[in-house]
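1. Kindly generate the corresponding structure for this input.
(one chain, ligands or ions: 2)
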Amino acid sequence: MRYYPPVKNLLACAAAIIVSVSFSLASAQSPVSSLTAKPAAHRAVSLINGYQPVWWKEAVVYQVYPRSFQDSNGDGIGDLNGITRHLDYLQKLGINVIWLSPHYDSPNADNGYDIRDYRKVMREFGTMADFDRMLAAIKARHMRLIIDLVVNHTSDEHHWFAESRSSGNNPYRDYYFWRDGNPNPADPSHPLPPNNYPSFFSGSAWQFDPATKQFYLHLFAVKQPDLNWDNPKVREDVFSLMRFWLDKGVDGFRMDVIPLISKQPGLPDLTAEQLKDPSRLWANGPRRDEYLQQMNREVLSKYDVMTVGEAIGITLPEETNIINSERHELNLVFNFDAVRLNRGDGYTERPWKLTDLKAIYDNHARVLNKTDWDTVFLSNHDNPRLVSNLGDDSTPDYRVRSAKLLETMLLTLRGTPFLYQGDELGMTNYPFTQLDQFNDIEVKNAYKAKVLTGKMSEAQFIAESHRFGRDNSRTPMQWNAAANAGFTTPAAKPWLAVNPNYTSINAAQEMADPNSVYHYTQRAIALHHAHMAFVYGDYQDLDPTNTQVFAYTRTLTVPGKPAQHFLVVLNFGEKPAEYALPEGVKAGKLLLGSVPGTTEASTATLHLAAWDARIYTY
Ligand code: TEU
Ligand code: CA
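-> Ligands and ions are numbered 1, 2, ... in the order given. Next up, the predicted model:
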C-alpha cells in the first residue's frame, strides 16, 4: 500500500489506511484540492508524523491583489475578469489556493480595505456575475479561493457608520467606538482626543465628528472606523456576511488585522513604552479568543474552510492560542517575524544577519506543537518586493538567483507557503524618486506627519518609502514586453505606474526561458506537492550559527516505510562558499538548483556559487 502518494488525496488515502481494507485506492488518485467539502469534525484520519492531514496544510497559496493583476476593460484598474483570464497561468504555476485581496464595494481610501458594502463587488472590479464566473472557473481547475475578511473596521461610508454617526441614540451608535474628548484648556471649543492611541497611518486614532460632538476610533485611516466587537449585534452581522460568501462556495478567509477586534477595556492611555513599540502589542484585547471561538462555533465549523489571520500585534506564543486546533479558532496566522526582520519603527531599516532569520524558524519549530500549523510568508501587498527586500536586485544575474533562492526557502520551510503575485517572476521594488509617484495612504499620511512638520527631510522620506513603502509590491503585474506590460491596454493609464523594468522582467519572456525565476518556482512548487516531507516532515537547521549558508533538512518517517530525507542548502549572498555537510547528512541526488548547469551531487562537501540554492534528496 502506498502511504503518501505524491499529490494525491491524502485524506482519502489515510482513511483507507484506517479501515485497513484492500479496496482500490482509486479515490486516492484525485488531487488534494478536489476533496469534497466536509466539516473537519466528521473526518476520520490517521496522523502523519503526528499531524492531522488536511488540504490547507498541503496547499500552496498565491495572493492576488486584484487592482494590479490584470485589467480586462482598459480603464487602467485590474478586475475580476482579468483574474479569470489568467487562471490557466496560475494552474500551470502549480498553486492550488488563491487568496484574493478585498473585492468588495469600497470608496478605496485604502484600496478596498475600507468596505462600504460587504455583499457587493467593487464596481471597478466588475459585477457579482463576474465573481461567480471567476469562482466557478477556479473550481473547475480544482483550485480553491479564499477571500479577504476585513471586519476590524468598515468604511465610513458603510451604512452602519452613516447611521451610527447620525445621532447619539441611533440603534447603530454602539457599532463603533464613540467617546467624549478631553478638555482642551488652550482652546475649549476644540476638545482633545479621548486617549493617546496613534493611528497606524499617522496622527491620532481618534476623529472628532461635529454632528454629535464626540470622537470615533480609527486605528487605521480616518475613513476606516473600528467596529465595536463587544456589541453582540456587530458579531452577528459579521457572521451573517461571512455565511453569505461561504454559501456562494468560497473556501475560506484571510482575516485582516484580526487580533485587533478586541480592544483594551476602558481604552486606557498607552504608556511611553507602549507608544514606542513598533509591533504594537497594546492593540489586541482580552476577548479576542472568545470572539474567534464564537465565530468558529457559529460559522466556520459548519464549512470545510481555510482561515488565516493576519497576526499583527501579537507574539508567537500568543498566536498558538489562535491556531491550536483543539481551541477551535483559526487554522493559521501570518507571523511577521521574518518579513519585518529588517525593519525598525515605520520604514526604518534595521540591520539583520542570516542567523537572525534562522533563529526565527528554529523558534517556530520549537514553539509550535503538532496541533498547530505554520505559514511561510515573506511578502505581500504591504511589504517590499521579496527579491528587493531579502535578496539582491542590484544585477540581473543576482536578481534571478536570489529570487530563486527565496522561492526555494518559501517552498521548503515548515508551514503552508504563501506566494505573492509577481514574486514568481522576481519582480522588484519600483524606482520611486518623488512623492507624487505614490498612491498609498500610508505614505501620504506619513509625509504630512513627518516631512510637512519638518521632522524628516524630503530626501530621507523618499528613500525610506522607496525601501519599504507598500506601493513597491502594488505596481501592475508584468505580463509581457508590450506597452503597460500587458497589464492594461497600451493607451490606458494604469492606476499605479508599471515598473520600467517590465521590458526585461515579465511573464511572457520568463515562460519562454527555461532558466527563469518563473520556471524555477514552478519546479519548486511541483517538488513541494510531490513530497509530503515538505509538508509534514520535521525541520532541522543543520548549522544555526553559520552566517552565510542556511542549510536544513526536512525528514518524514512513516512506520513501515523508508524515511524520506531532503536537504536544502542556501548560500545567502554573492560570496561563493565551500560547505561541508555535517555527519549523517548527504547531498545525494540533486532535485533542483538555482544556478543553471549545476551538477554537484553525491558529495559531503558543496561548492556554492553566489546566491546558490539547492534541493537534494538522500
Ligand atoms: O494590514 C495591517 C498591517 O499590517 C499594516 O498596518 C502594516 O503594518 C503596515 O501597513 C506596514 O507598513 C492590513 C492590510 O493588509 C493592509 O493593506 C491594510 O491597509 C490594513 O490592514 C488596514 O485594513
Ligand atoms: Ca478594469
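
2. Who are the contact partners of the closest residue to Phe566 other than its chain neighbours?
-> With sequence-adjacent residues excluded and distances taken as CB to CB, 6 or more residues apart in numbering, Phe566 is closest to Arg554, at 4.5 Å. For glycine as for every other residue, the C-beta is placed from the backbone atoms N, C-alpha and C. By CB atoms under 8 Å, 6 or more residues apart in numbering, the contact set of Arg554 is 412, 414, 533-534, 537-539, 565-566, 568.

3. so which of the residues you listed is the most crowded?
-> Within these, neighbour counts (other CB atoms under 10 Å) peak at Thr412, which reaches 27 neighbours.

4. gap between the closest residue to that one other than its chain neighbours and Tyr618?
-> Residue nearest to Thr412 in three dimensions, not counting chain neighbours: Val568, with 4.7 Å by CB to CB, 6+ apart. Separation of Val568 from Tyr618 (CB to CB, to the nearest Å): 12 Å.

5. mind checking the SS state of the closest residue to ligand 2 within the stretch 351-500 of the chain?
-> Nearest residue of the stretch 351-500 of the chain to ligand 2: Thr488, at 7.2 Å (CB to the ion). Thr488 falls in the coil class when you classify it by DSSP: H, G, I helix; E, B strand; the rest coil.

6. Now do the contacts for the residue nearest to it when sequence neighbours are not counted.
-> Among residues not flanking Thr488 along the chain, Asp71 sits closest, at 3.8 Å (CB to CB, 6+ apart). Asp71 makes contacts with 77-79, 82, 476, 487-489, 492, 494, as judged by CB under 8 Å, 6+ apart.

7. got it, and Val400?
-> 426, 515-517.

8. same thing with Ser388?
-> Going by CB under 8 Å, 6+ apart, Ser388 touches 428-429, 472.

9. which SS class is it?
-> Ser388 ends up helix, using three-state DSSP.

10. do Ile615 as well
-> Secondary structure for Ile615, judged by three-state DSSP, is strand.

11. wait, doesn't it sit right on Val568?
-> Yes. With contact defined as CB atoms under 8 Å, Ile615 and Val568 form a contacting pair (5.5 Å).

12. okay, now the residue in the stretch 1-150 of the chain that ligand 1 sits nearest to: neighbour count?
-> Closest residue of the stretch 1-150 of the chain to ligand 1, CB to the nearest ligand atom: Tyr113 (3.4 Å). When neighbours are defined as other CB under 10 Å, Tyr113 has 24 of them.

13. mind putting the contacts of Val400 in a markdown table, neighbour count included?
-> Converted to a markdown table, the contacts of Val400 look like this (neighbours: other CB atoms under 10 Å):
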| residue | neighbour count |
| --- | --- |
| Gly426 | 28 |
| Asn515 | 14 |
| Ser516 | 21 |
| Val517 | 25 |
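
14. I'd guessed Val151 sits against Leu260; true?
-> No. Using CB under 8 Å, Val151 is not in contact with Leu260; the gap is 10.2 Å.

15. Could you identify the helix or strand that succeeds the helix or strand of the chain with the lowest mean pLDDT?
-> In the chain, no helix or strand scores lower on mean pLDDT, DSSP states H and E than helix 10-19, which sits at a mean of 38. Note on helix 10-19: by DSSP states H and E, the next helix or strand toward the C-terminus is helix 55-58.

16. I'd like the next helix or strand past that following helix.
-> Going down the chain from helix 55-58, the next helix or strand is strand 61-64, by DSSP H and E.

17. Following the chain onward from that next one, which element is next?
-> Heading C-terminal from strand 61-64, the first helix or strand you meet, by DSSP H and E, is helix 80-85.

18. so where do the helices sit in the stretch 51-200 of the chain?
-> Assigned by DSSP state H, counting those that start in this stretch, the helices in the stretch 51-200 of the chain fall at 55-58, 80-85, 87-93, 128-140, 159-166.
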